[in-house]
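Chemist: quick one, structure for this:
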Amino acid sequence: EVVTLSLLMYPVLRSLALQLHSAITGSYISGTHSIAFINCLNEQIAKDIARAIMDKKLAACVNILPKSSALYFWKGELEESTEILLLVKTRTSKIGELSNYVRSIHPFEIPEIISLPIDQGNPLYFKWIEESVPRD
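Modeler: Residues are numbered from 1 along each chain as shown. Purely as a prediction, here's the structure:
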């Protein structure tokens, strides 16, 4: 039981340790923020999902990129389509909640929701993300 509890607490403790280190040293901790990639069928769906993400304060910013061609396998067949890509900038700690929420509103059976941690960047931009996206 203690092992299970400590494993469940690890993300929370790690997050607090990173915040404390960052506050003391004034340096950015790689991976504190992330960019999530979400593909959408068309521009209207992309705008609706982007607005819903912003309304829930799950991101500081969502960019809606123009149409791109996609080739992928679906149910054993090679498919080709056009998609709109969302780039979602947020706290890494919000990725799980973001993913669950988008899956609940996205029309795709298996929506693409992937994220990458941000390694480095403009400290003022990261501060703005933190001001825009409430802590857990």
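Chemist: span of stretch 103-123 from start to end?
Modeler: Terminal residues of stretch 103-123 lie 31 Å apart, using CA to CA, to the nearest Å.
Chemist: what mean pLDDT does it get?
Modeler: The pLDDT scores in stretch 103-123 average 95.
Chemist: likewise stretch 65-80?
Modeler: 95.
Chemist: for the residue most central in space within the chain, give the beta-bridge partners.
Modeler: Centroid-nearest residue in the chain: A36, 3.5 Å away (criterion: CA atoms, centre = their mean). When bridges are called by DSSP bridges, A36 pairs up with V88, S115.
Chemist: confidence score at it?
Modeler: Per the predicted model, pLDDT is 98 at A36.
Chemist: mind listing what it touches?
Modeler: A59, L86, L87, V88, T90, I95, L98, S99, I113, I114, S115 (CB atoms under 8 Å, 6 or more residues apart in numbering). The way it works is simple: take the backbone N, C-alpha and C, and place the C-beta from them, glycine included.
Chemist: next one: V88
Modeler: V88 neighbours (CB under 8 Å, 6+ apart): I35, A36, F37, I38, I53, L58, A59, C61, V62, L98.
Chemist: hang on, the fourth one packs against E112?
Modeler: Yes - the pair formed by I38 and E112 meets the contact definition of CB atoms under 8 Å, at 6.5 Å.
Chemist: neighbour-wise, which of these two wins?
Modeler: Between I38 and E112, I38 has the larger neighbour count (other CB atoms under 10 Å), namely 25 against 17.
Chemist: ok, and the closest non-adjacent residue to the more buried one?
Modeler: L86 (4.2 Å; CB to CB, 6 or more residues apart in numbering).
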